[in-house]
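Chemist: let me see the structure of the following:
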Amino acid sequence: MKKALSIFGAILLLVSLSACGNSKPNKTSDAMYQIGLNALQTADDYIEGKITGDEAAERLHEYSEQANTQYKKDCEDAGKDTLAGTDFSNDYSINHSISMLQFSISSSSMGGAAMSEVREKRDSLAERLGK
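Modeler: Numbers count the residues shown, from 1 in each chain. A predicted model of the protein is given here:
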């Protein structure tokens, strides 16, 4: 009986942890979700002063390239020009949010955009990722 209660407790713990907002949103590919999480972490590191604007912009450029490549691959796999109405329709929003965040951080590092704009773009990406 104790063993059954222990197993039930472990299962309950796992279910409760998985319900804490750590799962990807619907209509999002695993690859695009991970790229988005990487971009979000980079934005957080920049906002917290852990990395420079140039370093953040460079990383985000790479993530933006990855997101564009992934989006094109998903379109090809779906046999469509766009992912609207497909199982990965949220990928477009994530891809776009990464691009906007990259532009904002690049502009901020050159003195053209306020940190509030960077935070706004960061929050937009976080919303798309369900964070």
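
Chemist: in contact with the residue positioned nearest the centre of the chain, which residues?
Modeler: Among the residues of the chain, the one closest to the centroid is G36, at 2.2 Å (C-alpha atoms, centre = their mean). Counting by C-beta atoms under 8 Å, 6 or more residues apart in numbering, G36 touches A67, I94, S97, I98, L125, R128, L129. C-beta here means a position set from N, CA and C on the backbone, and glycine is covered the same way.

Chemist: mind checking the SS state of it?
Modeler: State at G36, reduced to three classes by DSSP: H, G, I helix; E, B strand; the rest coil: helix.

Chemist: let's see if you can find the most crowded of the contacts of G36.
Modeler: Most neighbours among the contacts of G36, by other C-beta atoms under 10 Å: I98, with 29 neighbours.

Chemist: how near is S104 to I35?
Modeler: Distance, S104 to I35, using C-beta to C-beta, to the nearest Å: 17 Å.

Chemist: scratch that, V118
Modeler: The spacing between V118 and I35, counted by C-beta to C-beta, is 19 Å.

Chemist: end to end on stretch 80-88, go ahead and measure it.
Modeler: End-to-end distance for stretch 80-88: 12 Å, by C-alpha to C-alpha, to the nearest Å.

Chemist: run through who's touching it.
Modeler: Counting by C-beta under 8 Å, 6+ apart, K27, T28, S29, M32, Y71, D74, C75, A78, S89, D91, Y92 sit against stretch 80-88.

Chemist: now do the strands in this protein.
Modeler: Taking DSSP state E to define them, one finds no strands in the chain.

Chemist: what's the closest non-adjacent residue to G130?
Modeler: The spatially closest residue to G130, leaving aside those adjacent along the chain, is P25, at 4.1 Å (C-beta to C-beta, 6 or more residues apart in numbering).
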